[in-house]
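Participant: This is a predicted model, with the sequence first.
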Amino acid sequence: EAPAMAPGNEVPDEELVARVAAGDRTAYALLVERHADRQLGFACRVLSNREAAEDVVQEAFLKLWTHAGRFNPAAAKFTTWFYRVVMNRCLDVKRRKRPVALPEDYDAIDDAPVSDEALAAKQRAEAVRKGLDGLPERQRVAVSLFYFEGLRAREAAEVMAVGIKAFESLLVRARKQLARDLQDFDG
């Protein structure tokens, strides 16, 4: 019989997936709690669209619930495997390219005072986002996994199903392109 999962009990992800495969809703909820925010951030950076990213993460967790038995802990860590599930779903969405509706208040005037520092930080973040959006898909994924998700190069290469040298090459090309794109930024 499996031990109870009390709050704070650090059951390894791989064991939780095995429990999910057996229909354990508590194990599933714990995996969602542990990984949803991080995967949403990753999907947002890849897709540049929060609504689409939320859909992708929800679909990835649904896939986890329905196909947990397919996960092989001998082949990959759960986090690596799940990043790959989310990444593949993001790439599917990007290939499908659906129009994005503007929010109802898109043309509303913001009367809030903005400090120079806040404005500069916002401009800098927007410049980086645009730079990331301008990168080829594989470079954007590599940058997101390595810099934003904090995966080691070997783990990120595994998620992308490329060799370590190929992954490092993607990062080098992405950094060069971002440096070119951001060189004129004076904010």
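Facilitator: All right, it came through fine.
Participant: which residues does the residue nearest the centre of the chain contact?
Facilitator: Within the chain, the residue whose C-alpha comes closest to the C-alpha centroid is Phe42; the distance, by CA atoms, centre = their mean, is 1.6 Å. Listed by CB atoms under 8 Å, 6 or more residues apart in numbering, the contact set of Phe42 reads 83, 86-87, 144-145, 148-149. (Each C-beta comes from the backbone N, C-alpha and C, glycine too.)
Participant: Need the buried ones from the residues you listed selected in PyMOL.
Facilitator: The buried residues among the contacts of Phe42 can be selected in PyMOL (16 or more other CB atoms under 10 Å) with this line:
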select buried, resi 83+86+87+144+145+149
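Participant: can you pull the buried residues of the helix or strand of the chain with the lowest mean pLDDT?
Facilitator: Across the helices and strands of the chain, mean confidence by mean pLDDT, DSSP states H and E is lowest for helix 116-134: a mean of 80. Judged by neighbour count using 16+ other CB under 10 Å, the buried positions of helix 116-134 are 127, 131-132.
Participant: Quick check: end-to-end length of stretch 16-32?
Facilitator: From the first residue to the last, stretch 16-32 extends over 11 Å; the measure is CA to CA, to the nearest Å.
Participant: what's around Pro12, how many residues?
Facilitator: A count of neighbours around Pro12, defined by other CB atoms under 10 Å, yields 11.
Participant: Next, the contact list for it, please.
Facilitator: Pro12 makes contact with no residue, according to CB under 8 Å, 6+ apart.
Participant: And it, its phi and psi?
Facilitator: The phi/psi pair for Pro12 (degrees, to the nearest 10) reads phi -60, psi 150.
Participant: Tell me where the model's unsure across this protein.
Facilitator: Along the chain, the parts satisfying pLDDT under 70 run over 1-9, 97-114, 184-187.
Participant: all helices for it, in order.
Facilitator: With helices called from DSSP state H, the chain shows them at 13-21, 25-47, 50-67, 78-96, 116-134, 137-143, 153-160, 164-182.
Participant: Having no further points to raise, I will conclude here.
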